[in-house]
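Novice: model the following, please.
(one chain, ligands or ions: 1)
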Amino acid sequence: MVDIHLSTFILLSLFPLTLFYFFFKSLLLIKSTQNYGPKSYPFIGCLPSILPNRHRFVQWTADVVNTTPTKTAIIHLPFGRVRVVTANPTVVRHILKTSFHLYPKGEGVRNTLFDLLGDGIINIDGDGWKFQRQVSIHEFNTKSLRNFVEHVVTTELNDRLLPILATASATKTTVLDFQDILQRFAFDNICKIAFGYDPACLTPSMPDAIFATAFDDAVMISTGRIRGNLPLIWKFKRLFSIGSEKQLSEAVSIVREFAKKLIKEKLAELEKNSSLGSVDLLSRFLSSGHSDERFIVDIIISFILAGRDTTSAALTWFFWLLHDHPRIETEIMKEIVSKSESTVYDEVKDMVYTHAALCESMRLYPPVAMDAKQAANDDVLPDNTFVKKGYPVSYHIYAMGRSKELWGADWAEFRPERWLEKDETGRWVFKPRDGYEYPVFQAGPRVCLGKEMAFLQMKRVVAGILRQFKVVPAFDEGVQPVYVAYFTAVMEGGFPVRIEERGEIE
Ligand code: HEM
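Specialist: Sure thing, here's the model as predicted:
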């Protein structure tokens, strides 16, 4: 009895001590950590710095992190909201790998994108994410990739893209929006991979396919939600189904109805011929016993989003850089002419210099500028920045590609050789960079599933186009292209070009 009273007494007297301990510990934790960032004011946060930079948020935040001693900054948004942004490779490794479990996508981004993406792979954490990743990974094995580059990409290139460029080069005066063309090209490809369906967006009349237009609208409006400073506004509009939110729900319903129709057709096809079970991602999911329509639609939408505008963005900036760097174009041409005209899988894989040039152009103009996670608990980052549970933490891909510390004093120079070394026979060998210093494809357990597929597609397209044509930018005098980041980064207003026949190549 005495023992029970004694232990109750000890416990009771320990309770306030424990409370004090945690209170002081958290105070000490905050004091002992260092938080840098633009000047912040009560209630409005960094709004005075954000407002004049709202049209160049990516460039401004890149300047902020790259001039911060730790390369991590805390940006205070109005009404007490906070965003942590980092360009520090050690921190990037911490959030993407070492403390992966502490930095899921989180509810913030998930709720904002849920209407469009639902529970698709790029909007889900935990077991649901693991399962989708395991099933989809097969779509990226060597056999599928070989089929992709030798059939899907080559057909789209030879039957659609090159004839359009040939017509434009014959007139000499035609100005094409090359970004639009590359987006249509990638959209046709990814739909074939995901659904086994050809939307035929890249045809000479450049049709406004209902599905593609609805998909575009849905992506634009969802991005607007992320960019808006006050989530309450879109939530209010959604509640009353007005303005952009009304448009979003209409666009999403077109996309989903269309996907459901394709699923029904695919199921009927599979019933007739079950050996089709692995020809595209949709067949693969349906044959693995998953018949929940919403689940399948979500996965397919995620894939289209991930694979659509990323490769087109990369190629747009690549062709723009190339025109200003004739020495590099010549090096690439040497590599292209050393391959056969059909440029099959193994040859495409082996285009080392072109591979380096693509990496280099994505360093300066990454298709995804920033990517956000959300802290599942209080944490202290390796550079001593304190992160509170619920804070969004973004790694700034664009800023990292422009960091003097990571790339040297000549970081602004487009120089593929920084990715290459010569072997003893004098041949170029690719020299990869640490994935946490160059997280263009993310890194760690959630590294981009389509990385290899993207490189194959891009190299095949570069070889196919450059072998026959020169892509000549046609901006008005004094106009420079502007990099703008939505889900993926685009060249604002498109990429006007003229196409010239290349003529004889040695
Ligand atoms: C140059 C082209 C590409 C770049 C730069 C790129 C970059 C990225 C990045 C940064 C992420 C992380 C985004 C996030 O978690 O929100 C990602 C994820 C992903 N990407 Fe890519 N991507 C490219 C092409 C592709 C292609 C062609 C496909 C598919 C056909 C694809 C499929 C995926 C998937 C499925 C994920 C989600 C992975 C996961 O969460 O486990 N990507 N990609």
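Novice: relative to the ligand, how far out is the spatially closest residue to Tyr395 that is not a sequence neighbour?
Specialist: Once flanking residues are discounted, Tyr395 sits nearest to Val92: 4.7 Å by C-beta to C-beta, 6 or more residues apart in numbering. C-beta here means a position set from N, CA and C on the backbone, and glycine is covered the same way. Applying C-beta to the nearest ligand atom, to the nearest Å, the value for Val92 to the ligand is 12 Å.
Novice: just the element for Val92, please.
Specialist: Following DSSP states H and E, one finds Val92 within helix 89-93.
Novice: run through who's touching whichever helix or strand comes after that helix.
Specialist: Next in sequence after helix 89-93, counting helices and strands by DSSP H and E, comes helix 106-117. Here helix 106-117 makes contact (C-beta atoms under 8 Å, 6 or more residues apart in numbering) with 123-125, 218-219, 222, 225-226, 231, 238, 248-249, 252, 255, 298, 301-302, 305, 372-376, 390, 392.
Novice: and the residue of the stretch 351-500 of the chain found nearest the ligand, what is it in contact with?
Specialist: Nearest to the ligand, among the residues of the stretch 351-500 of the chain, is Gly450, at 2.0 Å (C-beta to the nearest ligand atom). When contacts are counted by C-beta under 8 Å, 6+ apart, Gly450 touches Phe140, Ala306, Gly307, Thr310.
Novice: Glu437 now?
Specialist: Pro89, Val92, Met400, Leu406.
Novice: switch the cut-off to 10 Å
Specialist: Applying C-beta atoms under 10 Å, 6 or more residues apart in numbering, we find Glu437 in contact with 87-90, 92-93, 400-401, 403, 405-407, 443.
Novice: tell me the confidence at it?
Specialist: At Glu437, the model reports a pLDDT of 98.
Novice: quick one: which helix or strand includes it?
Specialist: Using DSSP H and E, no helix or strand contains Glu437.
Novice: quick one: it from Met400, how far?
Specialist: For Glu437, the distance to Met400 equals 7 Å [C-beta to C-beta, to the nearest Å].
Novice: find residues that contact each of those two.
Specialist: Ala87, Asn88, Pro89, Val92, Leu406, Trp407.
Novice: from the ligand, how far off is the second one?
Specialist: Applying C-beta to the nearest ligand atom, the value for Asn88 to the ligand is 17 Å.
Novice: quick check: Phe100 touching Val447?
Specialist: No - using C-beta atoms under 10 Å, Phe100 is not in contact with Val447; the gap is 11.3 Å.
Novice: show me which residues of this structure sit near the ligand.
Specialist: Within the chain, the positions adjacent to the ligand are 121-122, 133, 190, 193, 303, 306-307, 310-311, 314, 367-368, 371, 440-442, 446, 448-450, 453-454 by C-beta under 6 Å from any ligand atom.
Novice: ok, of these, which come out buried?
Specialist: Buried by 16 or more other C-beta atoms under 10 Å: 121-122, 190, 193, 303, 306-307, 310-311, 314, 367-368, 371, 440-442, 446, 448-450, 453-454, out of these.
Novice: which residue is nearest the centroid of the chain?
Specialist: Centrality entry for the chain: nearest residue to the mean C-alpha point is Val368, 3.8 Å, by C-alpha atoms, centre = their mean.
Novice: and that residue, what does it touch?
Specialist: 306, 309-310, 313, 362, 397-398, 439-442, 448, 485, 487-489.
Novice: that one in helix, strand or coil?
Specialist: Here Val368 is coil, with the state taken from DSSP: H, G, I helix; E, B strand; the rest coil.
Novice: now do the SS call for Ser394.
Specialist: strand.
Novice: what count of nearby residues applies to it?
Specialist: 21 (other C-beta atoms under 10 Å).
Novice: okay, and the beta partners of it?
Specialist: With DSSP bridges as the criterion, Ser394 is bridged to Val85, Ala372.
Novice: related to what we said a few turns ago, now the buried members of the contacts of Glu437.
Specialist: Ala87, Asn88, Pro89, Thr90, Val92, Arg93, Met400, Gly401, Ser403, Leu406, Trp407, Ala443.
Novice: just the residues you listed now: which is nearest Arg284?
Specialist: Of all the buried ones among the contacts of Glu437, Arg284 sits closest to Ala443, with 25.7 Å by C-beta to C-beta.
Novice: which non-adjacent residue is nearest that closest one?
Specialist: Gly435 (3.5 Å).
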